[in-house]
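K.L.:
Got a predicted model here, sequence first, then my questions.
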Amino acid sequence: MFFNVKDVSQFQSQKDFIDTVIIPLVSVNLNDTMIKQSSSATEYLMSLTAFIEQQFKGRLMLMPPFTYLEQLKETISLISIKEEFQVAGFKHVMFITCDHSWTSFNHDVDVIWLPSIPLESMDKSVKMTILEDQLKQVIPVLSSKWSQS
Amino acid sequence: MSNNRVSRRQFLNYTLTGVGGFMAAGMLMPMVRFAIDPALQVKAEGDFIQTSQKVADITEEPIKVDFTFEQVDAWYKSDVTEAAWVYKSGDTIVALSPVCKHLGCTVNWAGSPDHPDQFFCACHAGRYEKTGKNIPGTPPLGALDEYEVSEKDGFLMLGKKVPNTTV
């Protein structure tokens, strides 16, 4: 499910089945030396999350990315975001990011960190293979979450 | 020259017939066009999409065939990749859509070790038989859709998605 009207109304009627939310955390770095790397990581994360959504459409909702600048990162509280989503009816709240600093923040919040892969230099079929491989990294995390409940 | 003179009356007759003819043609042409319009419409070439799958390589075991087409959404063009599960049943080729009829996840052939000869949806453990028929007691309420199948130069072509015809 995407965060659009059609999918959200389906979520409201099927809360028993759609119990997981995926929130991409995207760091925007406008520094001259970092801006390319930042955009590449964003492109990668957006492609991957859309692919995850396609595979597990009926069980998870993909949120629009939560985007932040490096100096504003301290103001983001993953715990309160998580609580807010749980109140809304999502049993599992997963964050997914290419920003390594979130991995040190692992208490009580599920953060999937993936090193970004520069997809922009690849042709389409290689891109698909890479994304499929990356998806295989994410599936065990999801299924272990789902089998807990 | 002088015995072939066109009289004023004749001249007016000729011009009026000519102009009247053009006017009538201008009115009738669009009417005729509208009437036979469906016959004039260009059939979109995109009815069938070529895949890179050789027909000769298709076996009884379902394999995943990816195919890409261009989708235009208002002014936004994008390449959409979809997949189909393709296998041979007797002499006919069956191409099933991998989209689960429950809530739209992607199903996998032999996705569950407990059911090696069924399609499995990892989201809510929905299962389908090889024909695409949903297994009662699992969440899906209908059979998997199938694609129209055709062949060109030995390669598989996939057409429109239609409701399952075998079950």
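P.N.:
In hand now; what should we look at?
K.L.:
Touching, residue A:143 and residue B:112? I think so.
P.N.:
No. Residue A:143 is beyond contact range of residue B:112, at 11.3 Å (criterion: CB atoms under 8 Å). In this view, the C-beta of every residue, glycine as well, is placed from N, C-alpha and C.
K.L.:
Tell me which of the two has more neighbours.
P.N.:
Just comparing residue A:143 and residue B:112: by other CB atoms under 10 Å in any protein chain shown the higher neighbour count belongs to residue B:112, 14 against 11.
K.L.:
mind listing what the more buried one touches?
P.N.:
The neighbours of residue B:112, taking CB atoms under 8 Å, 6 or more residues apart in numbering or on different chains as the test, are B:118, B:120, B:125, B:127.
K.L.:
Report the separation between the first one and chain A.
P.N.:
The reference is to residue B:118. Counting by CB to the nearest CB, to the nearest Å, the gap from residue B:118 to chain A is 18 Å.
K.L.:
tell me the pLDDT at the closest residue to that residue other than its chain neighbours?
P.N.:
Leaving aside its chain neighbours, residue B:118 sits nearest to residue B:127 (4.9 Å; criterion: CB to CB, 6 or more residues apart in numbering or on different chains). With respect to pLDDT, residue B:127 has a value of 90.
K.L.:
cool, the one 10 residues further on as well?
P.N.:
Confidence at residue B:137, expressed as pLDDT, is 85.
K.L.:
One more: residue A:32?
P.N.:
92.
K.L.:
Would you list the phi and psi of it?
P.N.:
phi -60, psi -40 (degrees, to the nearest 10).
K.L.:
Whatever residue of chain B ends up closest to chain A: what secondary structure?
P.N.:
Across chain B, no residue is closer to chain A than residue B:103, which sits at 2.6 Å (CB to the nearest CB). Of the three states, residue B:103 takes coil under DSSP: H, G, I helix; E, B strand; the rest coil.
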